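Participant: based on what follows, work out the 3D shape:
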Amino acid sequence: MEKVMSVNAGSSSIKFKLYDMPEEKVICSGICERIGHDDGIFEIKYGGDKKERLIVPFKDHEAGVDLITSKLLSLKIVNSLDEIKAIGNRIVQGGKYFNKSAIANDENTAIVRKLIPLAPLHNGAHLVGINAFKKLLPSTLQTLTFDTAFHQTMEEQDYVFPIPYDLTVKYDIRRYGAHGTSHRYVSEVAIKKYLDSKPNTKIISCHLGSGSSITAIKDGKCIATSMGLTPLGGIMMGTRTGDLDPSVMNYICSQTGLSVSDVYTMFNKESGFLGVSGISNDTRDVENAYFNDNNKRAKLAIDLFARRAADFIGQYFVRLGGCDLIIFTAGIGENAAYYREKVLDNLKEAFHIDYDKDINNATIKGKEGVISTKESKIKVVVIPTDEEVVIARDAYNLYKQTK
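Facilitator: Below is the predicted model:
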């Protein structure tokens, strides 16, 4: 057995899991939060049911990595850092350059840096995390797993935008998508467990969370996905608009005097559930406001989200030429039975979908299973995503290739 770590470094956090590979046994997991603050939070779970939580100052990501590695040693999770053979890093944006995971060498990390404008809140933070681990574990192989890689199998007519083509070519303006690691994982589980590993499959994967995307997957490969040039595109989300008439940008600017940058920030951080409901970007708060207070804007936000999700599912049903299975995953998809119900109610008449309300309500908090009935023309399943294990698998395989 060899130890591999999965890392997801954000602008102010580092999430990590340590695995024994290839058995994929989780040895420990944890997070450093509020990096850059004097009251940072460190949490680690290990040894089955053991936990530790600390409030500590995190000057920067290197301080977070230093605490992670020191705790691995002091808690006897590893006897030496040399036991960690590879570190797999989640990277949001790989552009047109990567259709699979890659080693984090100078050439590849330079491309990740070049793509920061397409993922300004993510790619830069990923690089900071990579560099922090490199300082403390200089001999450990680091790898890159890209959220966009799974979507590189789309055809040109599925990823090109109808703008002047010279701009498309010169600036690489196209649909890149996101959440590819999640869509890849749940579709692989679905094909194996729910479609009997048959060679020809048509799947619609719904990764619904604070950020949401829907992907059409044919024979295990992405053929269309909802997010666009950036994660702003696609369906309505926690604070993001999703797709909308481009003229809305110009109209708001002309009527309010706000700059393009101001409105772009509005579309990213002040819209979606938060903007429509006026309550919260958290779907649980919006659901509570509707059921407890009969809040009309909360109801509108829920209805709008469900309709937009159903619209994309309908579009992808056509694109696939049918559908064998619909997957719900991620925070909302795995835990919010009412939102799944609302999406399916928009689809059931056209697609002859039938689901069991009691089973749907019970399939939450990490539970996996079929929520459709035998009478349903399309099978509907809930599959908890596990992006970390995909990152660990790819890191382990690249490590083995270097030996």
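
Participant: what are the ranges of the helices in the stretch 301-403 of the chain?
Facilitator: Remark: helices assigned in the stretch 301-403 of the chain by DSSP state H, counting those that start in this stretch are 330-335, 337-351, 357-362, 387-402.

Participant: looking at those helices, which is nearest to Ile103?
Facilitator: Shortest distance between Ile103 and these, using Cβ to Cβ, is found for helix 387-402: 5.9 Å. Yep, even glycine has a C-beta here, placed from its N, CA and C like the rest.

Participant: list the helices and strands the closest one packs on?
Facilitator: strand 2-9, strand 13-21, strand 84-91, strand 102-103, strand 141-146, helix 180-193 (3 or more Cβ pairs under 8 Å, 6 or more residues apart in numbering; DSSP states H and E).

Participant: which of the helices of the stretch 301-403 of the chain sits most buried?
Facilitator: helix 330-335 (a mean of 23; mean count of other Cβ atoms under 10 Å).

Participant: what's it in contact with?
Facilitator: The contact list for helix 330-335 (Cβ atoms under 8 Å, 6 or more residues apart in numbering) reads 179, 182, 206-210, 212, 283, 327-328, 339-340, 364-366, 382, 384-385.

Participant: now with 7 Å?
Facilitator: 182, 206-210, 283, 328, 339-340, 364-365, 382, 384-385 (Cβ atoms under 7 Å, 6 or more residues apart in numbering).

Participant: now stretch 197-205
Facilitator: 183, 186-187, 190-191, 195, 214-220, 313, 316, 320-327, 329.

Participant: from these, which land in strands?
Facilitator: Among those, the ones falling in strands (DSSP state E) are Ile214, Thr215, Ala216, Ile217, Lys218, Leu325, Ile326, Ile327, Thr329.

Participant: please identify which pair of those residues lies farthest apart.
Facilitator: Pairwise over the ones in strands among the contacts of stretch 197-205, using Cβ to Cβ, the maximum falls at Lys218 and Thr329, 18.2 Å.

Participant: between those two, which one's more packed in?
Facilitator: Thr329 (27 against 17; other Cβ atoms under 10 Å).

Participant: distance check, that one against Asp158.
Facilitator: Look at Thr329 and Asp158: by Cβ to Cβ, to the nearest Å, they are 22 Å apart.

Participant: repeat that for Lys374.
Facilitator: Note on Lys374: its distance to Asp158, by Cβ to Cβ, is 34 Å.

Participant: more crowded one of these two?
Facilitator: Taking other Cβ under 10 Å, Lys374 and Asp158 do not tie; Asp158 has more neighbours (17 against 8).

Participant: and the contacts of stretch 210-230?
Facilitator: Residues contacting stretch 210-230 (Cβ under 7 Å, 6+ apart): 118, 150-151, 153-154, 158, 173-179, 183, 187, 191, 199-207, 231, 233-235, 237-238, 281, 309, 312-313, 316, 319-320, 331.

Participant: can you tell me which of the residues you listed end up in helices?
Facilitator: Asp158, His183, Ser187, Ile191, Ala309, Phe312, Ile313, Tyr316, Arg319, Leu320, Gly331 (DSSP state H).

Participant: so which residues make contact with the lowest-mean-pLDDT helix or strand in the chain?
Facilitator: One helix or strand of the chain scores below all others by mean pLDDT, DSSP states H and E: helix 123-136, with a mean of 89. Outside of helix 123-136, the residues within contact range by Cβ under 7 Å, 6+ apart are 7, 9-11, 14, 61-62, 65-66, 69, 87, 89-93, 104, 109, 112-113, 115-116, 142.

Participant: list only buried entries from these.
Facilitator: When these are checked for burial by 16 or more other Cβ atoms under 10 Å, the buried set is 7, 9-10, 14, 61-62, 65-66, 69, 87, 89-93, 104, 109, 112, 115-116, 142.

Participant: and Lys25, backbone torsions?
Facilitator: phi -80, psi 130 (degrees, to the nearest 10).

Participant: so how far is Ser74 from it?
Facilitator: Lys25 is 21 Å from Ser74, by Cβ to Cβ.

Participant: also Glu341?
Facilitator: The gap separating Glu341 from Ser74 is 47 Å, by Cβ to Cβ.

Participant: can you check Tyr176 too?
Facilitator: Counting by Cβ to Cβ, the gap from Tyr176 to Ser74 is 41 Å.

Participant: neighbour count: those two, which is higher?
Facilitator: Per other Cβ under 10 Å, whichever of Tyr176 and Ser74 has more neighbours is Tyr176, with 30 against 9.
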